[in-house]
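# Output the structure for:
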Amino acid sequence: MKEASSWGELSSQQKKSGMAAWLGWMFDGLDMHLYTLVALPFVAELLGRPVKDPAVAQHGALINGAFLVGWALGGAFFGRVGDLVGRSRALCLTIMVYAGFTGLSAVATEWWHLLVFRFLSALGIGGEWAVGASLLSETWPRRWRPWIAATLQTAVNVGVLLACGAGWAFESLPPRYIFLVGVVPALLVLWIRRAVPEPEDWERARQGARKPPGVADLFRGPVLGVTWRVLAICGVSLTAHWTFMYWQQAYIRKLPEVAALGDAERNRAAVVALSWVMVGSIAGNFLAGAMAARWGYRRVVAGMCLAYGAAMLWAFSAPRTHGEALAWMTVIGACQGVFGLFTMCLPPLFPVLLRTTGAGFCYNFGRIVAAAGTVYFGRYAAVGDVGGALYMAGWLFLPAAALALLLPRPEATDGIRS
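A predicted model of the protein is given here:
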């Protein structure tokens, strides 16, 4: 069958699948970053200590670490669910989980309550990535994939911008109330269950399989080499990325011009900084897509990892003014387009009935490593050297770039069948 070359040639199923995945990722971004906006003041409130107390930074890092571990486990668990029960059904489950437990974060009365709720919400957020990516890789034309990757990743950025809008709207209220916004995505499930069918690729593979492959099959036969290479690049790159995404808020709040402000003004400065990261990231997504369409995934992933590392090393190698810091937030955000490419280049590396399992397990394995990294680099942040933590994390993108060159081409794995 001839691939669609224009929007008008796309089928209704393709359009609905694209909209479902895009909206799911948008709300993913919303629920994901509500915590980073209020982490320090909310954890300080739960501990009954001032925001500048080192224990606040340490407990905040532990909560974020638990979130990243939950993200990893959710990616593996719901990735398996997606291969067993279908992409559309699993997508609904992931949204219900992250929406429900994000909302429950508003009722936390102890710091460990918040840790548990963030861990549970992360199960759904991690699962949504694998399921949504596989849904689109199986329904949209191959030639569209670099642009779909950019568009899908932009959905996360839009969600984070919505979180920033919520942060601005709730800046004068106690920090816990912002989590109530996270319940909204649950309404999306009603439409997905009615309107989005399962992909034909999954239906055919499911009917033709005598026994569905299991997680252990990721470490057997020709899939083994793919699994280890994807695990390596995800583990290293996501550690550096999430160290930045969590600690950049503390970095902004500790700038001399910002630290002297009142609580509401500091919250606003943190929201503005994250907004600039997202504006840069949206541009970076489409830049990455354009380059990947021309030069291929591997070289562009490697190049953007190098750019990400160089930007972090330069940005945090010396003290910056507030204005300089915002400019660097935008540059670093543009380098984050590299993760949009993962969306479309990772799922096709695996057989159909191992697609969400493989992509979810490998990509989200990086979250466990990133969780340890967030806590490790928190040693610097706890004594006030947030810039030092971010500078050290930037070096990790150098081995990430080298590892990216070892990734197989998606078309090179077409012979691997389920």
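
# and the longest helix for this protein?
Counting residues, the longest helix in the chain under DSSP state H turns out to be helix 12-47.

# who does that helix touch, helix- and strand-wise?
helix 54-85, helix 87-104, helix 111-139, helix 145-169, helix 188-195, helix 223-254, helix 263-295 (3 or more Cβ pairs under 8 Å, 6 or more residues apart in numbering; DSSP states H and E). To be clear about C-beta, it is placed using only N, CA and C from the backbone, and glycine gets the same treatment.

# buried ones in it?
Residues 14, 16-18, 20-47 are the ones in helix 12-47 that count as buried (16 or more other Cβ atoms under 10 Å).

# Stretch 55-73 now?
56-73.

# How about stretch 399-412?
For stretch 399-412, by 16+ other Cβ under 10 Å, it's 399-401, 403-404, 407-408, 410.

# ok, back up a step: dump the helices and strands packed on helix 12-47 to TSV, plus mean pLDDT and distance to residue 303.
As requested, the helices and strands packed on helix 12-47 are arranged in TSV below (pLDDT from 0 to 100; distance: least, Cβ to Cβ, whole Å):
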stretch	mean pLDDT	distance to residue 303
helix 54-85	82	26
helix 87-104	88	31
helix 111-139	85	22
helix 145-169	83	14
helix 188-195	78	35
helix 223-254	86	13
helix 263-295	89	8
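
# so of the ones you listed, which one's packed in deepest?
helix 111-139 (a mean of 26; mean count of other Cβ atoms under 10 Å).

# Please compute how far that helix lies from its chain's middle.
9 Å (Cα atoms, centre = their mean, to the nearest Å).

# Against which helices or strands is that helix packed?
Secondary elements touching helix 111-139 (3+ Cβ pairs under 8 Å, 6+ apart): helix 12-47, helix 54-85, helix 87-104, helix 145-169, helix 200-208, helix 337-345, helix 355-382.

# could you give the angle of the third one to helix 12-47?
Direction vectors for helix 87-104 and helix 12-47, defined by axes from the mean of the first three to the mean of the last three Cα atoms, to 10 degrees, enclose an angle of 20 degrees.

# Mind giving me the packing neighbours of helix 87-104?
On the basis of 3+ Cβ pairs under 8 Å, 6+ apart, helix 87-104 makes packing contacts with helix 12-47, helix 54-85, helix 111-139, helix 188-195.

# The longest one to helix 111-139, inter-axis angle?
Read that as helix 12-47. 170 degrees.

# if you average pLDDT over stretch 306-319, what comes out?
For stretch 306-319, mean pLDDT is 95.

# quick one on the thing from earlier: got the helices and strands packed on helix 87-104 as JSON lines, with distance to residue 154 columns?
Formatted as JSON lines, these follow (distance: least, Cβ to Cβ, whole Å):
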{"stretch": "helix 12-47", "distance to residue 154": "8"}
{"stretch": "helix 54-85", "distance to residue 154": "20"}
{"stretch": "helix 111-139", "distance to residue 154": "13"}
{"stretch": "helix 188-195", "distance to residue 154": "17"}
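
# For residue 215, find the nearest of the ones you listed.
helix 54-85 (6.5 Å; Cβ to Cβ).

# That closest one - contacts with which helices or strands?
Counting by 3+ Cβ pairs under 8 Å, 6+ apart, helix 54-85 packs on helix 12-47, helix 87-104, helix 111-139, helix 223-254, helix 355-382.

# In TSV, list the ones you listed along with distance to residue 160.
Below are the helices and strands packed on helix 54-85 laid out as TSV (distance: least, Cβ to Cβ, whole Å):
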stretch	distance to residue 160
helix 12-47	5
helix 87-104	14
helix 111-139	12
helix 223-254	9
helix 355-382	17
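
# what about these, which gets the closest to residue 300?
Here helix 223-254 is closest among those (Cβ to Cβ), at 13.1 Å.

# What separation is there between the residue lying closest to residue 331 once chain neighbours are set aside and residue 54?
Once flanking residues are discounted, residue 331 sits nearest to residue 311: 5.1 Å by Cβ to Cβ, 6 or more residues apart in numbering. Remark: distance between residue 311 and residue 54 (Cβ to Cβ, to the nearest Å) = 28 Å.

# you'd agree residue 39 is up against residue 249?
Yes. Using Cβ atoms under 8 Å, residue 39 makes contact with residue 249 at a distance of 6.7 Å.

# related to what we said a few turns ago, among the helices and strands packed on helix 87-104, which is nearest residue 319?
helix 54-85 (19.3 Å).

# Residue 176 and residue 43 touch, don't they?
No. Applying Cβ under 8 Å, one finds residue 176 not in contact with residue 43, separated by 11.0 Å.

# Count the neighbours of the residue nearest to residue 331 for me.
Neighbours of residue 311 under the rule other Cβ atoms under 10 Å: 22.

# And for the helix or strand containing it, what's in contact with it?
Taking DSSP states H and E as the definition, residue 311 sits inside helix 297-315. With contact meaning Cβ atoms under 8 Å, 6 or more residues apart in numbering, helix 297-315 is reached by 233, 237, 240-241, 244, 284, 288, 291-292, 325, 328, 331-332, 335-338, 341-342, 345, 390-391, 393-398, 400-402, 404-405, 407, 409-410.
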